[in-house]
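A structural model of the following input is requested.
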Amino acid sequence: MHQRLLWFLLGGLLIGLLILIARHGEGTVGTLPSANFGALVYWGALLVFLGGSALVMFRRRFAQALIAMFVWVALALILVVGYAYRFELRNVADRVMAELLPGHVITRGRTVEVARAFNGDFDVHAEINGARVAMVLDTGASSVVLTREDAKAAGLPLEVLAYTVNIDTANGRTRAAPVVLDRIAIGGLVERSVEALVAQPGQLKTSLLGMSFLNRLQSWEVRGDRLLLRGYP
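Next up, the predicted model:
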């Protein structure tokens, strides 16, 4: 009896689906617009599936069927809640990532946020000419400064660089080569044709995010353990 009813319902749903396909989702089916009729077919299929599953389970053990039903209901509620609060959950995930992975960039429109690293610096993961580069914020540096390795990864022509600019590093005074970077991206902030320097081999451990990039922004500030970078609208 129950099996015949399920087959009858499935047949009706199949006919409804064929009608929708034939009408290409346009016009009406009876007195219902095609969109509403499609929703009716969808929910009908879902109810038939759940009803058929319940009948199969209830034929075995009532307790197992009841537990299974509660599990499916709980999963459905979790999915609905997760979808409803997807933006809030994304913000929470970004916060956790920023704490666990120093340098992780949180982007909110034209504002970028970076958490302070355990050593007190602001490590920033940037993309330079498409290459991923680990940098350290250095407001005392008048320019972006790249290590030779990062400059090579960014595709700069190292063989023709001229080291003509004096700079001060942790290893003392040295010379660097002036270059222009096609593109620097930090999260959603993108700046093009940025003046920079390339340090000589062995003179710099980590590339520096200096003022030639920061001066391009609308504003930047250190607020507690957060670095906030704001680009122009």
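
now the strands: where do they sit in this structure?
Here the chain has its strands, by DSSP state E, at 28-29, 32-33, 105-108, 111-115, 123-128, 131-137, 144-146, 165-169, 172-186, 189-199, 207-209, 219-223, 226-230.

how about those strands in JSON lines, adding mean pLDDT?
Converted to JSON lines, the strands of the chain look like this (pLDDT from 0 to 100):
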{"stretch": "strand 28-29", "mean pLDDT": "50"}
{"stretch": "strand 32-33", "mean pLDDT": "54"}
{"stretch": "strand 105-108", "mean pLDDT": "78"}
{"stretch": "strand 111-115", "mean pLDDT": "87"}
{"stretch": "strand 123-128", "mean pLDDT": "92"}
{"stretch": "strand 131-137", "mean pLDDT": "93"}
{"stretch": "strand 144-146", "mean pLDDT": "96"}
{"stretch": "strand 165-169", "mean pLDDT": "82"}
{"stretch": "strand 172-186", "mean pLDDT": "91"}
{"stretch": "strand 189-199", "mean pLDDT": "95"}
{"stretch": "strand 207-209", "mean pLDDT": "94"}
{"stretch": "strand 219-223", "mean pLDDT": "91"}
{"stretch": "strand 226-230", "mean pLDDT": "90"}
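
okay, those strands in TSV with mean neighbour count and distance to residue 154 next?
Where C-beta positions appear, they are placed from N, C-alpha and C, glycine not excepted. Output for the strands of the chain, formatted as TSV (neighbours: other C-beta atoms under 10 Å; distance: least, C-beta to C-beta, whole Å):
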stretch	mean neighbour count	distance to residue 154
strand 28-29	14	59
strand 32-33	13	56
strand 105-108	17	18
strand 111-115	21	20
strand 123-128	20	4
strand 131-137	18	5
strand 144-146	27	7
strand 165-169	14	18
strand 172-186	16	7
strand 189-199	19	9
strand 207-209	26	10
strand 219-223	12	22
strand 226-230	19	20
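
what's the closest of these to residue 158?
Closest approach to residue 158 among those is made by strand 189-199 (7.5 Å; C-beta to C-beta).

quick revisit: tell me which of the strands of the chain sits nearest to residue 155.
That would be, of those and by C-beta to C-beta, strand 131-137, which comes in at 7.1 Å.

neighbouring strands for the closest one, and are they parallel or not?
Strand pairing for strand 131-137, using DSSP bridges, gives strand 123-128 (antiparallel), strand 207-209 (parallel).
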